[in-house]
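J.: 3D, please:
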Amino acid sequence: MTKEHKEIDDTPQLSGQFDIVSKQIIHNNPDECIQFYLGTPDAQAIKVLETEQPVVKWYRADSFIHANVHGEEAIVHLEFQTYDSKVITMPYRVAGYVGLGVRMYQLPIYSHVIYLHPNAGLNDPGEYVQNMSGYEITIKYKVIRLCELEGQGILDARLKGLIPFAPLMKPPAEMEPEQWLRECVRVADTIPMDEPDKPNFLSNIAILGGLILDYETIRKIISEETMYASSVIQHWTEQGERKGVLELLLNILEFHFPPDEVQTLKPILENIEELQQLKQLHQQALEVPNLDEFKSILSSNGN
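T.: Residues are numbered from 1 along each chain as shown. The predicted model follows:
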């Protein structure tokens, strides 16, 4: 692997795994994370808050943490971005998150956007500004690009909550990415934790490392057995199988019945999370004489 950064597929499904891992790390180690990103030891998490905003459900921040910062209650907002936000640019997104956060919690908000991929965040201005006379609005947030941070300090301090991010940080001079990942894994192996937690911890490193290294390289460093013992890897393996079964189910329905009518069922089928239920519907789609009967089966299952 050269020093050129590996490009990523910026589809929601692929970027979603990086979001899930990042949020999981924050939830497991909130104190270390907020102290690091705030740049002060004088901060302590009180509670990681639910970020499903009831006002606009789809518009949610990654992590809101109720914290004590410099002796005062506040909200620490950590927004992880795999790549640049293209549909809604980051200043507008942060303005929305902060606005909803102020409304819900009525506390000061420390907002951060943390870019995972080395090519992301280069043009993020770190603020939302509205310059209308009498209606001025300025919301500033801290932009953090992991590739610009020195990773060796994280390993030296043995910060459990930040080591999974270390492969995306700047390695020591002249150290190649593969060698740097090996060093991160070596230190991770020495961190005290319950034995059942070790596969998740190492697979988090593997998943985030996949932003800059190919899978074969990672597999040489972290065994497949270790990664597949991880609940995170198991989740994404099942999601991949679920997507395949869903595609087959839709193809079968469109082959036997009018495609435009089948498309009206697509949102319902996409909302079915249980893989076994999709497999059963796949079999039933092969047997039903008409689409109305298939709709009846969906309805009887509560869909």
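J.: quick one, strands of the stretch 51-200 of the chain?
T.: Assigned by DSSP state E, counting those that start in this stretch, the strands in the stretch 51-200 of the chain fall at 63-69, 72-81, 109-115, 127-130, 137-140, 142-145.
J.: just put these in TSV and tack on mean neighbour count.
T.: Every C-beta, even on glycine, is put in place using the N, C-alpha and C of the backbone. Shown next, in TSV, are these (neighbours: other CB atoms under 10 Å):
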stretch	mean neighbour count
strand 63-69	21
strand 72-81	21
strand 109-115	22
strand 127-130	14
strand 137-140	14
strand 142-145	19
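J.: ok, residues contacting the strand or helix carrying Cys33?
T.: Assigned by DSSP states H and E, Cys33 falls within helix 30-38. The contact list for helix 30-38 (CB atoms under 8 Å, 6 or more residues apart in numbering) reads 25-26, 41, 43-45, 48, 65, 67, 69, 76, 78, 110, 112, 114, 142, 144, 159-162.
J.: one more time with 6 Å
T.: 26, 41, 43-45, 48, 65, 67, 76, 112, 159, 161-162 (CB atoms under 6 Å, 6 or more residues apart in numbering).
J.: same list (the strands of the stretch 51-200 of the chain) but as a markdown table, adding mean pLDDT and distance to Asn290.
T.: Shown next, in a markdown table, are the strands of the stretch 51-200 of the chain (pLDDT from 0 to 100; distance: least, CB to CB, whole Å):
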| stretch | mean pLDDT | distance to Asn290 |
| --- | --- | --- |
| strand 63-69 | 95 | 48 |
| strand 72-81 | 96 | 47 |
| strand 109-115 | 97 | 51 |
| strand 127-130 | 98 | 53 |
| strand 137-140 | 97 | 55 |
| strand 142-145 | 98 | 56 |
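J.: make a markdown table from the ones you listed and add distance to Arg93 to it.
T.: What follows is these, written out as a markdown table (distance: least, CB to CB, whole Å):
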| stretch | distance to Arg93 |
| --- | --- |
| strand 63-69 | 14 |
| strand 72-81 | 8 |
| strand 109-115 | 9 |
| strand 127-130 | 9 |
| strand 137-140 | 11 |
| strand 142-145 | 13 |
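J.: and those: which comes nearest Phe201?
T.: Among the strands of the stretch 51-200 of the chain, the nearest to Phe201 by CB to CB is strand 72-81 (17.8 Å).
J.: could you list the residues in contact with stretch 127-147?
T.: Contacts of stretch 127-147 (CB under 6 Å, 6+ apart): 91, 94-95, 98, 111-115, 118, 121, 124, 126, 165, 168-169.
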